[in-house]
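# no sequence for this one, just the structure:
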């Protein structure tokens, strides 16, 4: 796979250019596992901070090939100036990914013969881009019908902003300048040209890259003003080998973000599952997501997390998002307040897509919905001590029924066989169902 193809297929496609629980509810669970974006092969990750028409995008870069072969071509709604381009840090996106990831919480059953008594309520360093000039005046390249709007050196990247009159000329310019365009790109490029979009083109400055003491390329961050709140994904599907995953982390002022031209559907949540799932949470969530994609015909964008920044996550799967972290992600309007943030909202959207099922670019809107939501799966550890009292015997009977429900839940969420799941529940697969009817002593 050539550099442009890989980037367009798994990174540039993710550039955005253009309530189950009430907020007062508290789960008070213990975090035990999470399903971050690394579960999905080559998943693209993009952070969008948007306030009014101002958008700041940060693109995680998972390119693992030779730096000299790296290149991206991204449609943008306007000519981006040098001071609107920065270098970010992968650690910041990792933190946001971990903080919003679907999670597993766990609880422990109390001794039914000795229940507790409760009284009252007790119980990024950004790169400044210096070290290279920019060309302020557009330069026309008549043979290609391409205009070089600006050129910049930003960190380890050489960046060119282009406009074009026709797709063929743009394709030839890119090819002649060492950018390998996948077959079929011309038609998609043409559709963006008709929308008067510009093209953000970046490749690696090898001399600057060699000065860095890290093996991976750092994320690019772009800021611009435009009424368009959209994500041009079609270019990334031109030469892809199959469906791709994209995770979008949206930082907004008041409410959650949803797509306007595709349905936004909440991932199934708040389901009880057996204890063993804690050790297999990755495969469990991958199977769950795959089944939901199939159920929705791969035509839905899934909501995995939505939470006000001023309310603590519960249970939390990562370090709380500080005002400093949010500022580096472009949400500088989120002011620090008692160790948290006064105002603001974070939304996590996850989509699996291909050209057949997602023929249009994604368009977004910020809604007024500030209710909390998280993909959350719950383990209730059974009480394992002696429970010989009447309440204890009733507990054991109810436990069998509860475990059957947990087994059924996993089967319905993943498509796995109930018999396979049942064998992984200790003491349950061979245990007879408790008798029903009569007095409790007749059921033992």
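Great, that's in hand. Predicted model, so just to flag it, every value in this text is computed and none were measured.
# helix/strand/coil for residue 321?
Here residue 321 is recorded as coil under DSSP: H, G, I helix; E, B strand; the rest coil.
# residues touching it, list them.
The contact partners of residue 321, by C-beta atoms under 8 Å, 6 or more residues apart in numbering, come to 95-96, 99, 309, 341, 346. For glycine as for every other residue, the C-beta is placed from the backbone atoms N, C-alpha and C.
# repeat for residue 168
By C-beta under 8 Å, 6+ apart, the residues touching residue 168 are residue 186.
# Report the separation between it and residue 236.
Between residue 168 and residue 236 the computed distance is 21 Å (C-beta to C-beta, to the nearest Å).
# nearest to residue 325, of the contacts of residue 321?
Nearest to residue 325 among those, counting by C-beta to C-beta, is residue 95 at 6.3 Å.
# Please look at the closest one and residue 318 and confirm they touch.
Yes - contact status for residue 95 versus residue 318: in contact at 6.0 Å, counting by C-beta atoms under 8 Å.
# can you pick the most crowded of the contacts of residue 321?
residue 346 (27 neighbours; other C-beta atoms under 10 Å).
# about what we covered before: looking at the contacts of residue 321, which are in helices?
95-96, 99 (DSSP state H).
# Centre of the chain to stretch 251-266, how far?
Its chain's C-alpha centre lies 13 Å from the corresponding centre of stretch 251-266 when counted by C-alpha atoms, centre = their mean, to the nearest Å.
# Report how far apart the opening and closing residues of it are.
One end of stretch 251-266 sits 18 Å from the other (C-alpha to C-alpha, to the nearest Å).
# So for that stretch, mean pLDDT?
Regarding stretch 251-266, the rounded mean pLDDT is 95.
# same question, stretch 98-118
86.
# what comes up buried for that stretch?
Using 16 or more other C-beta atoms under 10 Å as the test for burial, stretch 98-118 gives 98-106, 111-113.
# which one of those residues sits closest to residue 227?
residue 100 (26.5 Å).
# So which bits of the helix of greatest length in the chain are buried?
If you go by DSSP H, the chain has its longest helix at helix 390-414. Residues of helix 390-414 classed as buried under the neighbour-count rule (16+ other C-beta under 10 Å) are 392-393, 395-397, 399, 402-403, 406-407, 409-411, 413-414.
# Show me the domain layout of the protein.
3-66+82-124+220-377, 382-443 (automatic domain parsing).
# out of those, deepest packed?
domain 3-66+82-124+220-377 (a mean of 19; mean count of other C-beta atoms under 10 Å).
# The most centrally placed residue in the chain bridge partners, please.
The chain has residue 247 as the residue nearest its centroid, 2.9 Å off, counting by C-alpha atoms, centre = their mean. Bridge pairing for residue 247 (DSSP bridges) gives the partners residue 45, residue 350.
# how much space between it and residue 35?
Distance from residue 247 to residue 35, by C-beta to C-beta: 11 Å.
# Now name the helix or strand holding the closest residue to residue 373 other than its chain neighbours.
Spatially, and ignoring its direct neighbours in sequence, residue 373 is nearest to residue 306 (4.4 Å; C-beta to C-beta, 6 or more residues apart in numbering). Here residue 306, judged by DSSP states H and E, is contained in strand 300-308.
# and the helix or strand following that strand, what's its mean pLDDT?
Reading on from strand 300-308 to the C-terminus, the next helix or strand found by DSSP H and E is helix 323-328. What helix 323-328 shows for mean pLDDT is 88.
# now for helix 323-328, which elements pack on it?
Here helix 323-328 touches helix 90-100, going by 3 or more C-beta pairs under 8 Å, 6 or more residues apart in numbering; DSSP states H and E.
# now the helix it packs on, how far from the centre of its chain.
For helix 90-100, the distance to the chain centre is 9 Å (C-alpha atoms, centre = their mean).
# Stretch 205-214 too?
29 Å.
# which residues are in contact with that stretch?
With C-beta under 8 Å, 6+ apart as the test, stretch 205-214 has contacts from 67-68, 131, 153, 155-158, 217-218.
# try 10 Å
With C-beta atoms under 10 Å, 6 or more residues apart in numbering as the test, stretch 205-214 has contacts from 66-68, 70, 89-90, 131-132, 153-159, 204, 217-218.
# same deal with stretch 295-303?
19-20, 102, 243, 246-248, 256-259, 261-269, 289, 292-293, 347-354, 356-358, 362, 364, 373-375, 415.
# Which members of those are positioned in helices?
Per DSSP H, the contacts of stretch 295-303 map to helices at 289, 292-293.
# and which of those is nearest to residue 47?
Checking the ones in helices among the contacts of stretch 295-303 one by one against residue 47 (C-beta to C-beta), the nearest turns out to be residue 289, at 20.5 Å.
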